[in-house]
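> Predicted coordinates and the sequence they were generated for:
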Amino acid sequence: MTQQISSLSDYKDAYKRSIEDPELFWATQAETFHWHKPWDKVLTWNFETPEIKWFEGGKLNITYNCLDRHIADRGDDTAIIWEPNDPFGGVKSYTYNELLESVCKVANALKANGIKKGDRVVFYMPMVPELAIGVLACARIGAVHSVVFAGFSAQALADRINDAEAKMVICSDFNSRGSKSIPVKQVVDDALAKGCPSIEHVLMDRNTGGEVPWSESIDLHWDEQVDPQDGFCAPEIMDSEDMLFILYTSGSTGKPKGVVHTCGGYMVYTCYSFKNVFQYQPGDIYWCTADIGWITGHSYIVYGPLLAGATTVMFEGVPTYPDAGRFWQVCEKLGVNQFYTAPTAIRALMARGDEWPAKYDLSALKVIGSVGEPINEEAWHWYDKHIGKNQVPIIDTWWQTETGGIMLTPLPGITDAKPTYCSYPMPGIQPVLVNADGELIEENDAEGLLCIKFPWPAIIRTTYGDHERCRQTYFSTFKGMYFTGDGARRDSDGRIRVIGRVDDVINVSGHRMGTAEVENAIDEHPNVIESAVVGYPHDIKGQGIYAYVITDGKAGENFEKEVLAVVTKEIGPIAKPDKIQIVSGLPKTRSGKIMRRILRKVASGETENLGDISTLLNPEIVDEVMKGAK
Ligand code: PRX
């Protein structure tokens, strides 16, 4: 088991060692796992190209470490507790023994259908146990999983399938979310109808039951394929730097890119961070409310907890169904000890009133966490008072799809916590602030751009199929550093607060979205000539989506609704603009670039201090944009 920090002096000591001799530090952690062959070299790195290798030459299988390794000591302990959408639906649990057998059966079914090491498999599924099992089954045989959040549209799904050149899609029939039933298989069929030539099969799990479209040549039933299989499948022996998964995420330009994580480093870092950040102790019940469609679900529902031999809760539903007490009712029922959610959920529940958490016994909680976006002071205090009863440490964890694991966070009960601050780096993480010219900001009580100057084991290795894009996006802005895209402030004691993105990425309800992506979707409407999308402060979502749209003058009275429908079709409902303003032009520089700074200010309700507009090609438009602001 990786080491666990238990005091402030432990943290300081671990941090110091991790900086003075990172290779020794991480090798010591890595040695606690099962390697089929030890590594030849701990670290090779170059942030220019970039090329980063951890535990080169080492051979392992991450599922052996998640499952087989625990069987002797804790085979009958609970690995996964699944809480269904329906509060009376019945909890389902898997012990480590049962999970290993289920994973092996699916792994054998995948093999029987031609999936082998290196093949890509896309998942498009709700939060059912089969999703975690399927992901682990891929890792068992060395296939690369790429989970697509089941709220994305058929078009978005097709784009990801094609970028990954996936051989198989694994889906469910329907998805139950709150009172809704969502036809998941139909979306997969719609995606394939757009042209996904690499797909050979669709493996469908019967989740709710019900009629679905069926193609005998492509579609396979999960039960028919999985049930007859043998309950053991030998783990494929992987190189430490073999690909484990691809996860698509939005950037400031173009289509979402496939962030690639590899086996060895990701395993070491997710386990180490899970154990330390949540201070998990054997027997604890840990619940992260994220969806496995996002990185948080990968690292802190599936891999981190299972590597640590923990009991991890998977929740199918939503925080407000059947009522706004659901999270707290589940915490009470399961005796949750560590609870990890997003600020957007905290704000939404805060708005429903203090009486909901007051109804339930939350005394088992030992750690409460936040992730995905900045947590505002009001939400932080509400979480502290009404969920933690002013006694449970809050951990505000900052990290990204690309970082693989938690980078900045207080350690509960060990380092101090200050509202809205992610505070301190994890051991092995070397954050720096730089100014726009890339010069290091050494002093405290300062703001700057957040970079990381040394690799950690779970750092992104490449963007799938386009290494140059990875170099450009993360390693070219500031020489010799990984650039996060975030702006941050460091207080006088050295704690870090992440303020938000400084690029054209917005964070809506903790979902990361490229403004260009939303603009491209809006531009698909036949009456739209041009659009510009910016984020603005939103009470619940953190940021809302504000779209400025130039039309051809022929848009009908349902135009706004049609725009929402187009965006839903191109990306999914999560990308729908909250506000749409029709304008006759957009403020542009003489070189034709949209001046987003002005649009952001107007969207935020600011009408003064718009800054210098004299360099605009069309300064007169600013007045019109301001007058029409919503
Ligand atoms: O802007 C930061 C914000 O979320 C971005 C990463 O989004 P994603 O890759 O989807 O991963 C989210 C879950 C790890 C970051 O660039 N972000 C994430 N956590 C925080 C945060 N901003 C402020 N505080 C946080 N705790």
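Okay, I see it. Numbers count the residues shown, from 1 in each chain.

> contacts and neighbour counts: CA atoms only from here.
OK.

> Quick check, residue 522 in contact with residue 531.
Yes: distance between residue 522 and residue 531: 7.0 Å, which falls inside the contact criterion (Cα atoms under 8 Å).

> wait, doesn't residue 376 sit right on residue 420?
Yes: in terms of Cα under 8 Å, residue 376 counts as a neighbour of residue 420; the distance is 6.0 Å.

> neighbour-wise, which of these two wins?
Set side by side, residue 376 and residue 420 show more neighbours around residue 420, with 20 against 16, by other Cα atoms under 10 Å.

> residues contacting that one?
374-377, 380, 396, 497 (Cα atoms under 8 Å, 6 or more residues apart in numbering).

> Give me the more crowded residue out of residue 522 and residue 531.
Neighbour count, other Cα under 10 Å: between residue 522 and residue 531, residue 522 has more, with 29 against 24.

> what sits against the more buried one?
Shown in contact with residue 522 (Cα under 8 Å, 6+ apart): 528, 531, 563, 566-567.

> hang on, the earlier thing: run through the contacts of residue 420 and flag the ones next to the ligand.
With Cα under 6 Å from any ligand atom as the criterion, these include 374, 396 near the ligand.

> related to what we said a few turns ago, and the contacts of residue 522, which two are furthest apart?
Among the contacts of residue 522, the pair separated by the greatest distance (Cα to Cα) is 531 and 566, at 13.4 Å.

> model confidence over the longest helix that the chain contains, on average?
The single longest helix within the chain, with elements called by DSSP state H, is helix 96-112. Helix 96-112 shows a mean pLDDT of 98.

> Could you do stretch 184-204 as well?
Across stretch 184-204, pLDDT averages out at 98.

> Buried residues in it, which are they?
Using 16 or more other Cα atoms under 10 Å as the test for burial, stretch 184-204 gives 184-192, 196, 199-204.

> so of those residues, which ones are in strands?
Counted as lying in strands by DSSP state E, out of the buried residues of stretch 184-204, are 201-204.

> want to throw those residues into JSON lines with distance to residue 154?
Converted to JSON lines, these look like this (distance: Cα to Cα, whole Å):
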{"residue": "201", "distance to residue 154": "17"}
{"residue": "202", "distance to residue 154": "14"}
{"residue": "203", "distance to residue 154": "17"}
{"residue": "204", "distance to residue 154": "16"}
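
> and the closest residue to residue 243 other than its chain neighbours, how many residues sit next to it?
Leaving aside its sequence neighbours, residue 243 sits nearest to residue 262 (Cα to Cα, 6 or more residues apart in numbering; 4.3 Å). Residue 262: 26 surrounding residues under other Cα under 10 Å.

> and residue 262, what is it in contact with?
By Cα under 8 Å, 6+ apart, residue 262 lies in contact with 240-245, 458, 461.

> now, which of those residues sits nearest the ligand?
Taking Cα to the nearest ligand atom as the measure, the ligand sits nearest to residue 458 out of the contacts of residue 262, at 12.7 Å.

> so what's that closest one up against?
Counting by Cα under 8 Å, 6+ apart, residue 458 touches 261-262, 265-270, 403-405.

> again, but for residue 587
594-595, 598-599, 616-619, 621-622.

> same check, this time on residue 286
Residue 286 is in contact with 280, 310-313, 336-339, counting by Cα under 8 Å, 6+ apart.

> can you do 7 Å?
Taking Cα atoms under 7 Å, 6 or more residues apart in numbering, we find residue 286 in contact with 311-313, 336-339.
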